[in-house]
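*Asks:* got a predicted model here, sequence first, then my questions.
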Amino acid sequence: MFLKCIEMQGFKSFADKIILHFDKGITSVVGPNGSGKSNISDAVRWVLGEQSAKSLRGSKMEDVIFAGTQHRKPVGFAYVSLTLDNSDKTLPLDYSEVTISRRVYRSGESEYFINKTTCRMKDIHELFMNTGIGKEGYSIIGQGRIDEILSTRSEDRRAIFEEAAGIMKYKVRKKEALRKLENTKQNLLRVDDIIIELESQLEPLKDQAEKARKYLELSGELKELEVSLYIDSIEKNQARINEMENLFSKIRQDIQNENDRIENKKKDNREKTERLEKLKNDLEVIRNELFDIDRETGRFENRIQIDEEKIKNLESGNISADQDIEGTKIRIESIDKDIEKRNKRLENLQREHENFSMLLTQAEQKLNEIIARLDKKEREIELMKQEVMDKLDDLSESRTKLNSLKNERKALKERQQKVNAEIRKIMLERDQETLRLEEAVNDLRKAKESLSKQKENLGEKEDCYQQGKKEIEQLREEQNKVMQDLQSTKSRLRVLTDMENSLEGYQHSVRAILKACHENGDFGGGVYGALAQLINVRERYETAIEVSLGAALQNIVVRDELTAKASIEFLKANNIGRATFLPVSSVKPRVLDHNTVNQLKHEKGFLGLASDVVQCQKTYRDIILNLLGRTVVVNDMDEAITISRKYGYSFRIVTLDGEILNPGGSITGGSRPSKTSSLLSRSRLIRELEKRAETLRKRSEQLEDECVEKASGLRQMEENINQLRKDYQDQELIVLKQEQFVSSVKENIGNMTAKQDMLQVEYNELEQGIKALREDTEEEQKRLSSIEESIELLRKTIEENQLKNKEEQASRDAIHMDINDYKVSVNSIIESINQTKETIERMTEEKSILAESIQKRLEVQVKNNERIEALKSEIAGIKQKIQGYKEIKTGKNLKFEALQDEVAVLEEDVSQMVDALSSHNETIRALQEEYGKLEVRQAKLQTELEAIQNRLWDEYELTYQTAEEYKKEIQGIKKTQERINELKTAIRELGPVNVSAIEDYSKTMERFRFLTTQKEDLVKSEEKLNRVIREMTSIMRKQFIEEFHKINYNFNVVFRELFEGGRAEVVLVNPEDVLESEIEIIAQPPGKKLQNMLLLSGGERALTAIALLFAILKMRPVPFCILDEIEAALDDSNVYKFAEYIRRFTDTTQFIVITHRKGTMEYSDALYGVTMQEYGISSVVSLKLGDMDKAITG
């Protein structure tokens, strides 16, 4: 795979659409600073999903859109696409060419495409994952990427190693798995809380559902009996209505007979009327036909006149055409003569052209010969001039050398005198340095003793500092545990609060009333809430109060009976079930008498009245006394049985475990869910969790304050340590300087001795040099005289040749004038020839047009003659038609008179028929009056029937047809009515019934089972996620270690090749935690000690970072690599090494290098130059260096 092209439009300084094509090998992008060449690498990084505007050298993403210049408007979007050759299927797509595109608009909208199909940024990241390509990979390397490798932040360089090791996809999946695991834990906690709440609701709902089923059973039987009575009444009324229907049928039959007789007479009348109408229509048709015959005859006569006029016009046109044809033939003969004349002139002009062309050729040949001779002589003169210049250079050099020899001899004498003086001076200074050396050695000993004491003090302080750090870490660890506990508490609190706010656990009807009151302000504030919302009970008594109240916990407390009535009407209107209401104004307290209470206080196990352990507002106290005033709370079952027996089972007793001894002696009890979160306990839990959350928050703040306090002391200690370190370093520097001073003094003494020896040698050499210079001066004087004689001889020869050239130049100028005259004549003749040819062609074309015109006129004459014959034939036919119409008209007149006689007879018969129909209509009116009286009696019966049906609908919402399925045989109306009264009494004795409890119980049980299953699924999911995380961690660790060792080996090899020696390695600071460990880069250039890369010089650091990148590429090549001025810090020799090393990778990797350096350009296969011909807008020019080499050598 390799990068084929980049397309940009509106991206940064690339305002216009531009496409950059790339081949394999190395392509360099060059240009001056600020031209926009680095925008190309930004474009690639951006299209691959870079979201950081800072990484793209901007402050916000909108900055990548071309912002306009003084002469260009801003654009509305930026677009970049990369086209990749995927013929080797490196990318997992079934395409040989893949195009990745991104577009962003000023509105902030962003789009991604793969082969023009919309996709997500995530899809592009996954497509390139582990290929080395991407914004986090190592395929785009700029100065910023080099800085990440050089950074002191280990995490900046870890990303490169992780991408190179191929574990990025596992790291992303592990991160996703951890996120899912955390969500699963939160969901599991929420499901647990809801299951606990549902367990507490199931038992009360089950009791209510049983009661509701009994109610429905009684109501069903009542419905069957009442519906049966209604159906019996309906059937009796329907029978009477059916008897009346028979009378209706007889009257309708009589009326029908009369109507039949009327219909027969009407039929006869219709037939005669229709015959009369037909005869009238026939008369009208004949009248119209006679009119049409007269009109058609007149039209044919007009047509004959028109055709005769057309014949005259056509004959006149033929005569005119004959005249035009004759004139055209005369014009053609004139054109033929003119063409013949112009052809002769054309032949003459062509002969003249040939003559002048020959003269022009001869003159040009002669001119070329003269020019050749002149060029030869000019070259000879130039050679002689060049020789003169060379001789002059030699002359100047000789004079300079002569002066130099004189000056050098003088300088040697002066230097000889100075050397002698310096030798005496050095001997004096060496004695003084020996004294300074003794003093410096004494000072060095004292400085080392002080340094040893400071080192000991610094060690003690650093131990204290480390102990302080450990204490802070322990506090932080405790704070993290507190925060985890706080988050868990908040999560559980949030679940319970949501359940409380959504009224979870309340019946559907209760929720509807409370929501209507809360959300819409219905019932005028008269609804105070469900009883469970209005009371508080200590945890110890929750079970006892819960079983005592039972379903009453969901009773709704209201202001008065009117509010209760309005609420019930609301439930009916919306068909959402039933509910029990407790009006504050009407509910009265029910309590035990004082004597009984006083006696109970002395009983063993007595804990108090149930009403006393419930806390509520004073307004609701009577309701609590009504429900719990006669209920006693005791410790356990044994004590409850004892007290109940003693007081004759006269009041209800409840134990703390929830057993109930009812008045009369019945006992309710059994097992309850171990975990409960009832309506009562939920409010208490919310309060407790809120209090615990606040306690945990304060503890977290306290721990934070302690951390801050200790951190402050630690910072002060760190400042002291830093000062001690500084003092220690200062003392080290003093010792180092003193050692350097001692070494310097020793070195000075040695240097002085060596210098004295050197000066003595120099003095002897100067003596010999002065003697040699004297001999060289004499020899150079002789060479100077010989050069001056040669120059004079060459000047004379040049003047003679220049005189001869002037004669040849005069001949050349004369021939030039002749050639210009010949060219003017030839061009004039050519122009005349062309004009003549154009005229001949034009006249020939005109002749053709005229001949065609004659042919067209002849064709028109033929068509006119054919048209004349056709018109004459048409006139003869029309005259025959006129004669035929006259004969038809005579027959039509006779038929018209006969029809008029028949119409008069039929009109008399129709008049008599109308009188007979009037008599039959009187009989029908009498029958209809009798029918109306019967209808009134039937309507009365129908009204009674409808009233019964309406009562059936109002009470049971049944029609007669749907009620049939409830009908059953009744044993007399009286007995049936008695059974109905018994059923109504039984239903009243059931008291308030929550019919929706059946559905609520079913739904709650269904939800309980669903959530239990969901909990099991979540537990399995949690185990699976933990297993996946462990597996991925193992794979990542193994793969990272293997690849890290390969990178380390390659790094050392590449480093030695680039630095021509030395060694380098990458080291895991914590080998036990390879996936999180910091990574240090250690380098040892030739001649230096092994040290951290940060301690190297700028150039060495850059070259070391480049060596690491090459090591990664060597292990895991990328399809293409963009390098943005990464060699900027290298010197020229290392630039050539860098470029040569890139060339080694071109078999597997395509390189696009943004550079300023000449060495990199020389190794490139192609160049792109980026310039700004228009201010603020980048443009690109390309050049293949292979083509340039061919152009230079070819």
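*Replies:* Thanks, I have the structure now. Just so you know, these numbers come straight off a predicted model, no measurement behind them. Numbers count the residues shown, from 1 in each chain.
*Asks:* what's the end-to-end length of stretch 619-637?
*Replies:* End-to-end distance for stretch 619-637, by Cα to Cα, to the nearest Å: 33 Å.
*Asks:* averaged pLDDT, it. What do you get?
*Replies:* Mean pLDDT, stretch 619-637: 92.
*Asks:* buried ones in it?
*Replies:* 620, 622-634, 637 (16 or more other Cβ atoms under 10 Å). Just so you know, the C-beta spots here come from the backbone N, C-alpha and C atoms, and that holds for glycine as well.
*Asks:* quick check: mean pLDDT of stretch 266-277?
*Replies:* 75.
*Asks:* re earlier: of the buried residues of stretch 619-637, closest to residue 214?
*Replies:* residue 627 (22.9 Å; Cβ to Cβ).
*Asks:* list the contacts of the closest one.
*Replies:* Applying Cβ atoms under 8 Å, 6 or more residues apart in numbering, we find residue 627 in contact with 531, 548-549, 552, 611.
*Asks:* tell me the helix or strand right after the helix or strand hosting it.
*Replies:* Residue 627 belongs to helix 621-628 when elements are defined using DSSP states H and E. Remark: after helix 621-628, the chain's next helix or strand is strand 631-634, criterion DSSP H and E.
*Asks:* by contact count, what packs against the next helix or strand after that next one?
*Replies:* Following strand 631-634 in sequence order, the next helix or strand is helix 637-646 (DSSP H and E). With contacts taken as 3 or more Cβ pairs under 8 Å, 6 or more residues apart in numbering; DSSP states H and E, helix 637-646 sits against strand 631-634, strand 652-655, strand 660-661.
*Asks:* columns distance to residue 909 on top of the ones you listed, output as a markdown table?
*Replies:* Below are those laid out as a markdown table (distance: least, Cβ to Cβ, whole Å):
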| stretch | distance to residue 909 |
| --- | --- |
| strand 631-634 | 107 |
| strand 652-655 | 106 |
| strand 660-661 | 106 |
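*Asks:* pLDDT below threshold where in the stretch 651-800 of the chain?
*Replies:* The stretch 651-800 of the chain contains residues with pLDDT under 70 at 672-677.
*Asks:* the same query, at a cut-off of 80, please.
*Replies:* Across the stretch 651-800 of the chain, the ranges flagged by pLDDT under 80 are 664, 671-681, 683, 707, 710-715, 718-719, 722, 724-733, 735-800.
*Asks:* quick one: mean pLDDT for stretch 894-914?
*Replies:* 71.
*Asks:* show me which positions of it end up buried.
*Replies:* Quick answer for stretch 894-914 (16+ other Cβ under 10 Å): 903, 906.
*Asks:* what separates that stretch from the chain centre, distance-wise?
*Replies:* Relative to its parent chain, stretch 894-914 has a centroid offset of 92 Å by Cα atoms, centre = their mean, to the nearest Å.
*Asks:* pull the residues that contact that stretch.
*Replies:* Outside stretch 894-914, the residues that touch it by Cβ under 8 Å, 6+ apart are 265, 268-269, 272-273, 275-276, 279-280, 282-283, 286-287, 290.
*Asks:* mind redoing it with 7 Å?
*Replies:* With Cβ atoms under 7 Å, 6 or more residues apart in numbering as the test, stretch 894-914 has contacts from 265, 268-269, 272-273, 275-276, 279-280, 282-283, 286.
*Asks:* top of the residues you listed by neighbour count?
*Replies:* Using other Cβ atoms under 10 Å as the neighbour criterion, residue 279 leads those with 19 neighbours.
*Asks:* which strands and helices sit next to the helix or strand that residue falls within?
*Replies:* Per DSSP H and E, residue 279 falls inside helix 168-501. Other helices and strands packing on helix 168-501, by 3 or more Cβ pairs under 7 Å, 6 or more residues apart in numbering; DSSP states H and E, are helix 679-956, helix 960-963, helix 973-989, helix 996-1059.
*Asks:* buried set for whatever helix or strand comes next after that helix?
*Replies:* Note on helix 168-501: by DSSP H and E, the next helix or strand toward the C-terminus is helix 508-520. By neighbour count with 16+ other Cβ under 10 Å, helix 508-520 contains the buried residues 508-514, 516-517.
*Asks:* could I get the average pLDDT for helix 508-520?
*Replies:* pLDDT averaged over helix 508-520 gives 83.
*Asks:* paired strands for the next helix or strand after it, with orientation please.
*Replies:* Using DSSP H and E, the helix or strand that follows helix 508-520 in sequence is strand 527-530. Strand 527-530 has its sheet partners listed here by DSSP bridges as strand 556-558 (antiparallel).
*Asks:* who touches the next helix or strand after the strand it pairs with?
*Replies:* Going down the chain from strand 556-558, the next helix or strand is helix 561-574, by DSSP H and E. By Cβ under 7 Å, 6+ apart, the residues outside helix 561-574 that reach it are 509, 512-513, 516, 523, 526-527, 556, 558, 577-579, 581, 583, 585-586.
*Asks:* swap in stretch 208-221?
*Replies:* The list of residues contacting stretch 208-221 from outside it, by Cβ under 7 Å, 6+ apart, reads 551, 983, 986-987, 990, 993-995, 997-998, 1001.
*Asks:* so which pair among those residues is furthest apart in space?
*Replies:* 983 and 1001 (24.8 Å).
*Asks:* neighbour count winner among the two?
*Replies:* More crowded of residue 983 and residue 1001, by other Cβ under 10 Å: residue 1001, with 22 against 18.
*Asks:* start and end of stretch 608-622, how far apart?
*Replies:* Stretch 608-622 has its terminal residues 17 Å apart, counting by Cα to Cα.
*Asks:* run the chain-centre distance for that stretch.
*Replies:* Stretch 608-622 has its C-alpha centroid displaced from the chain centroid by 61 Å (Cα atoms, centre = their mean).
*Asks:* what residues sit buried inside that stretch?
*Replies:* So, applying 16+ other Cβ under 10 Å, buried residues of stretch 608-622: 609-611, 613-614, 616, 620, 622.
*Asks:* could you measure from residue 444 over to residue 743?
*Replies:* From residue 444 across to residue 743, the span is 10 Å (Cβ to Cβ, to the nearest Å).
*Asks:* do the same with residue 874
*Replies:* Distance of residue 874 to residue 743, computed by Cβ to Cβ: 140 Å.
*Asks:* cool, and residue 623?
*Replies:* Going from residue 623 to residue 743 by Cβ to Cβ gives 103 Å.
*Asks:* and for residue 842?
*Replies:* Going from residue 842 to residue 743 by Cβ to Cβ gives 108 Å.
*Asks:* tally up the residues packed near residue 27, please.
*Replies:* Neighbours of residue 27 under the rule other Cβ under 10 Å: 25.
*Asks:* ok, it touching residue 1152?
*Replies:* Yes - contact criterion Cβ atoms under 7 Å: residue 27 and residue 1152 qualify, at 5.1 Å.
*Asks:* ok so, going back, residue 922: which of the contacts of stretch 208-221 is nearest?
*Replies:* Nearest to residue 922 out of those is residue 983 (Cβ to Cβ; 62.4 Å).
*Asks:* thank you kindly, that will do.
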